[in-house]
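**Student:** Build the 3D model from these lines:
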Amino acid sequence: MRNVHGFIVNTANYSALKEPYVKVTDSVNGQTVRQSKWIDWNQYVDELSFAQAFRTKLVSVGFDSNIGMLIDTSRNGWGGSARPTGPGPSTSVDAYVNGGRIDRRYHTGNWCNQSGAGLGERPKANPEPGIDAYVWVKPPGESDGSSKAIPNNEGKGFDRMCDPTYTGNARNGNNLSGALPDAPISGAWFAAQFQQLMQNAYPPLS
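**Tutor:** As a prediction, this is how the structure comes out:
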């Protein structure tokens, strides 16, 4: 364990860095928000709180006290007009969470070319206690996978989670995939995705 320099979270994913309007300790009408379909009993609602808690746990079980943590923020900005500006309604735990969460995916299990995503925090050293840096590991505009089967000489297959018409499975709560249409094979340049990431960047591009 002493040879490990650190860990990275949210690699090539879309989970929000911070959820200012939804805290895992919140309750609505006597129900914990952990009962919402979105949070689904998880103990953490955003990547920063998870990374900091993960680091504390690692040190407690014997990892070096100087162990570093990185967070991939390349596509977790979720800006634009759909970005909430306050908590959701207190009519139910689901309404509260869905109305106030920054992460606008249909389900946290959705991972492929997510519609509505934006560039996140720019790469930055020592942004928060216990965090060495925000980094862009997944290059913005690089496709997660094709939205339909595309013949290629790279051995790239097709995953239904990249198909915008896919209605999901038990692992994503039988929700739509949330994927963008007309995506190329994984690793290829996806111009439409890059344009959307810039449009929805948070902090906004100056």
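**Student:** Just give me the residue closest to the centre of this protein.
**Tutor:** The centroid of the chain falls nearest to residue 15 when counting by C-alpha atoms, centre = their mean (1.7 Å).
**Student:** got the buried residues for stretch 118-134?
**Tutor:** 118, 119, 120, 121, 127, 128, 130, 131, 132, 133, 134 (16 or more other C-beta atoms under 10 Å). From N, CA and C alone the C-beta is placed, and that goes for glycine too.
**Student:** First-to-last residue distance for it?
**Tutor:** 15 Å (C-alpha to C-alpha, to the nearest Å).
**Student:** which helix is the longest one in the protein?
**Tutor:** helix 47-60 (DSSP state H).
**Student:** tell me which residues in that one are buried?
**Tutor:** 47, 48, 49, 50, 51, 52, 54, 55, 58.
**Student:** Taking the chain centroid, which residue in the protein is the extreme one?
**Tutor:** In the chain, counting by C-alpha atoms, centre = their mean, residue 153 sits farthest out from the average C-alpha position, at 30.3 Å.
**Student:** List the contacts of that residue.
**Tutor:** If you count contacts by C-beta atoms under 8 Å, 6 or more residues apart in numbering, residue 153 has none.
**Student:** Can you tell me the SS state at it?
**Tutor:** Following DSSP: H, G, I helix; E, B strand; the rest coil, residue 153 is assigned to coil.
**Student:** And the helices in the chain, which stretches?
**Tutor:** 47-60, 93-100, 191-199.
**Student:** quick one on the thing from earlier: turn the buried residues of helix 47-60 into a markdown table, including pLDDT.
**Tutor:** Below are these laid out as a markdown table (pLDDT from 0 to 100):
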| residue | pLDDT |
| --- | --- |
| 47 | 98 |
| 48 | 98 |
| 49 | 97 |
| 50 | 98 |
| 51 | 98 |
| 52 | 98 |
| 54 | 98 |
| 55 | 97 |
| 58 | 96 |
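**Student:** Of those, which is the nearest to residue 107?
**Tutor:** Distance to residue 107 across those (C-beta to C-beta) is lowest for residue 47, with 16.5 Å.
**Student:** Can you verify my assumption that the closest one contacts residue 14?
**Tutor:** No. Counting by C-beta atoms under 8 Å, residue 47 does not reach residue 14; the two are 9.9 Å apart.
**Student:** Between these two, which contacts overlap?
**Tutor:** What both residue 47 and residue 14 touch, as defined by C-beta under 8 Å, 6+ apart, is the set residue 76.
**Student:** one step back: which other helices and strands contact the longest helix of the chain?
**Tutor:** Secondary-structure packing of helix 47-60 (3 or more C-beta pairs under 8 Å, 6 or more residues apart in numbering; DSSP states H and E): strand 6-9, strand 68-72, strand 131-135.
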